[in-house]
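Chemist: Quick check, what structure comes out for this input:
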Amino acid sequence: MEAYFLDVQFQEAYKRLDALCKDCYSAEQGVSEYIRQMEKTPMFSCRNIPAWEYDLRMLKHVRYIRNELAHEVDTWGTGLCTEDDLEFVTAFHQKILSGTDPLSELRKLQTQQTPRRPAANVDRNERSGFDEPYGTIMGGIDYEDADDFYGRTPREAAAPSPKSPKKLTLWQRFVRSIKKLFRR
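Modeler: Numbers count the residues shown, from 1 in each chain. Predicted coordinates for the structure are as follows:
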């Protein structure tokens, strides 16, 4: 009788988790959609999330148990579900609510801004006696013509502008630097 009661608790907890996932992802199948989202994430993206593999494996496991209980004959009360399975489902439900589940952690990592190289402060350099012999970098390219990450010269980067500058692609920056070399 105790195994039957555990199966009932597990089914209810799984239904709550599935409904939450359906709401989060606007999908027909909640937990299955969550698993699909995890599986389609490239490995290099999720390598910094420590519980990724464990949670994915356990989600597949509890989905299997739920499907067995729901679709197979004479599975209720057989001990298919364990206390650990029930604890995982309830804990994962709480993880989603608190935003500490693997996909939420992935979104947090992806939205964090990467540290950017600060723009050159032209005024400070001019005040400190920035002169011609030290005004060259990279073997002969004039400092004033050197581009920062976005293809701006130090003067452009330091100047306040009402609009944000158009970001150049890597190819555009490469072509621009080649053109500058041949203009001399």
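
Chemist: Could you list which residues are in contact with N48?
Modeler: L109 (C-beta atoms under 8 Å, 6 or more residues apart in numbering). Quick note: C-beta positions are derived from backbone N, CA and C, even for glycine.

Chemist: Next one: it from Q112, what distance?
Modeler: Here N48 is placed at a distance of 11 Å from Q112 (C-beta to C-beta, to the nearest Å).

Chemist: tell me the mean pLDDT for stretch 47-59?
Modeler: Mean pLDDT, computed over stretch 47-59, is 90.

Chemist: Show me which positions of that stretch end up buried.
Modeler: Within stretch 47-59, the residues scored as buried using 16 or more other C-beta atoms under 10 Å are I49, W52, D55, L56, M58, L59.

Chemist: so the fifth one sits right up against F88, yeah?
Modeler: Yes: with contact defined as C-beta atoms under 8 Å, M58 and F88 form a contacting pair (5.2 Å).

Chemist: pLDDT weak spots in this protein?
Modeler: For the chain, the stretches with pLDDT under 70 are 1, 113-165, 184.

Chemist: how about 90 then?
Modeler: Low-confidence segments of the chain, defined by pLDDT under 90: 1-8, 22-29, 41-51, 68-81, 99, 104-184.

Chemist: Per the annotation, how does it divide into domains?
Modeler: Using automatic domain parsing, the domain ranges for the chain come out as 2-111, 122-183.

Chemist: Ranking these by mean neighbour count, which comes first?
Modeler: domain 2-111 (a mean of 15; mean count of other C-beta atoms under 10 Å).

Chemist: can you pull out the helices in this protein?
Modeler: Assigned by DSSP state H, the chain shows helices spanning 2-25, 30-39, 43-46, 52-71, 83-98, 102-111, 122-127, 154-158, 170-183.

Chemist: Out of these, the one nearest G77 is which?
Modeler: Smallest distance to G77 across the helices of the chain (C-beta to C-beta): 3.7 Å, for helix 2-25.

Chemist: and the angle from the closest one to helix 102-111?
Modeler: For helix 2-25 against helix 102-111, the angle by axes from the mean of the first three to the mean of the last three C-alpha atoms, to 10 degrees is 30 degrees.

Chemist: who does helix 2-25 touch, helix- and strand-wise?
Modeler: For helix 2-25, the elements it packs on are helix 30-39, helix 52-71, helix 83-98, judged by 3 or more C-beta pairs under 8 Å, 6 or more residues apart in numbering; DSSP states H and E.

Chemist: looking at the ones you listed, which is closest to L17?
Modeler: The nearest among these, by C-beta to C-beta, is helix 83-98 at 4.7 Å.

Chemist: neighbouring contacts of that closest one?
Modeler: The contact list for helix 83-98, computed with C-beta under 8 Å, 6+ apart, reads 6, 9-10, 13-14, 16-17, 20-21, 24, 55, 58-59, 61-62, 65, 101, 104.
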